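A.B. asks: Could you work out the structure for the sequence below:
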Amino acid sequence: MSNLVNEVVNQSTVASVKYTAKDFGSDQDVRWCPGCGDYSVLAQVQRVLPDMNVPKEKIVFVSGIGCSSRFPYYMNTYGFHGIHGRATAIASGLKIARPDLMVWVVTGDGDGLSIGGNHMIHILRRNIDVNILLFNNQIYGLTKGQYSPTSEMGKITKSSPYGSVDMPFNPASLALGSGGTFVARSMDRDPKHMQSVIKRAAEHKGTSFVEVYQNCNVFNDGAFFSFTEKESKPNTTVFLEHGKPLIFGKENDKGIKLDGFSPVVVSLKDGSHSVNDLLVHNEKDSTLAFILANMTYNHELPRPFGIFLSIDRPRYEDETTKQIDSAISKRGKGQLEKLLNSGDTWVIQ
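C.D. replies: The predicted structure is shown next:
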């Protein structure tokens, strides 16, 4: 009994420790290219985690292959550097085996949507309580500039010298179509917004999917500047806030309304429309989430940022645990040796 008491006391002591962002920085030199947007994502995660009141010993970062996948080395938590595209599979197994852990996946548009695309859709549909940060720079950066699954059509790269003919993935639409329960988008050059989105993702019970527009200043510099720079940002972006109308523009003089199921831009300046005519965001509405996500590649519309969808659905690990507990209650714990020697067995001479 004394050992149990000591364990409880130790756990409560660890949980009561007040962390700062510096507590989550490792002793490893950060080796991304100077000016890379990855630095910003790392900084925002380290700033958000102290607010989660989760002991560092209960946090795990899992990655695959790519520039983003160095992330676990730079976090003073547990981490696992997996193989290409398999981070979500590793994280799924870890969370199911240890549901008490806070598990994060850090991946890129290549790692997560190309070789890892199949694993991505299945973790989303299963709704395992894992937080996914997908760094989207629309290029393969680590392998020196080939086009990726999110590169725009016509993209000239080392692997597409005459321009890519592939239709790019829309990560938000892909996540929604896979049954994602929390789907959001932010950008590296808006740290406050990114912090708020990451915090909401961490609080969500189920799979959270956050796409982060991240500038690769070496191989795809400026891919998102129209959405991130001070002069252009007000007219090219619209920020989604639950229960609020979709308003944008330098003078907040434009809005989005629905024409049937199609979003259109209207003016709030010429008197033809008022705020009451505008589309009001509802992050519980999956149909609306699809409509907003599909605005992504429509150049006549602003690009949406924020939380597209946040809904509740049973989690895979909870349902699995229920099945195991039910089986044990009916049949007992069982023995591995007995299981291996049960049923039809034979000996090969």
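A.B. asks: For the stretch 151-300 of the chain, which segments count as strands?
C.D. replies: Ranges of strands within the stretch 151-300 of the chain are 182-187, 208-213, 237-240, 247-248, 254-259, 262-267, based on DSSP state E, counting those that start in this stretch.
A.B. asks: In this structure, where is pLDDT below threshold?
C.D. replies: Applying pLDDT under 70 to the chain flags the ranges 1-16.
A.B. asks: can you do 50?
C.D. replies: 1-14 (pLDDT under 50).
A.B. asks: which helix of it spans the most residues?
C.D. replies: Identified as the longest helix of the chain according to DSSP state H is helix 316-331.
A.B. asks: Quick check: next helix or strand after that helix?
C.D. replies: Using DSSP states H and E, the helix or strand that follows helix 316-331 in sequence is helix 336-340.
A.B. asks: Contacts for that next one, please.
C.D. replies: The contact list for helix 336-340 (Cβ atoms under 8 Å, 6 or more residues apart in numbering) is empty. Every residue, glycine included, has its C-beta placed from N, CA and C.
A.B. asks: in that helix, what's buried?
C.D. replies: Of all the residues in helix 336-340, not one is buried under the rule 16 or more other Cβ atoms under 10 Å.
A.B. asks: now do stretch 38-58
C.D. replies: In terms of neighbour count (16+ other Cβ under 10 Å), stretch 38-58 has its buried residues at 38-50, 54-56, 58.
A.B. asks: Over to stretch 57-74?
C.D. replies: Judged by neighbour count using 16+ other Cβ under 10 Å, the buried positions of stretch 57-74 are 58-74.
A.B. asks: gap between the two ends of it?
C.D. replies: One end of stretch 57-74 sits 15 Å from the other (Cα to Cα, to the nearest Å).
A.B. asks: re earlier: can you pull out the residues in contact with the longest helix of the chain?
C.D. replies: Outside helix 316-331, the residues that touch it by Cβ under 8 Å, 6+ apart are S92, K95, I96, P99, R126, N127, I128, D129, G334.
A.B. asks: quick one: which of those is nearest K254?
C.D. replies: The closest of the contacts of helix 316-331 to K254 turns out to be N127 (Cβ to Cβ; 36.0 Å).
A.B. asks: how close does that closest one sit to D51?
C.D. replies: Using Cβ to Cβ, to the nearest Å, N127 is found at 24 Å from D51.
A.B. asks: how close does I128 get to F169?
C.D. replies: As judged by Cβ to Cβ, I128 and F169 stand 21 Å apart.
A.B. asks: Looking at those two, which has the bigger crowd around it?
C.D. replies: I128 (24 against 18; other Cβ atoms under 10 Å).
A.B. asks: from what I can see that one touches K205, true?
C.D. replies: No - taking contacts as Cβ atoms under 8 Å, I128 lies outside contact range of K205: 10.7 Å.
A.B. asks: tell me, what's touching the two both at once?
C.D. replies: Listed as contacting both I128 and K205 by Cβ under 8 Å, 6+ apart are R315.
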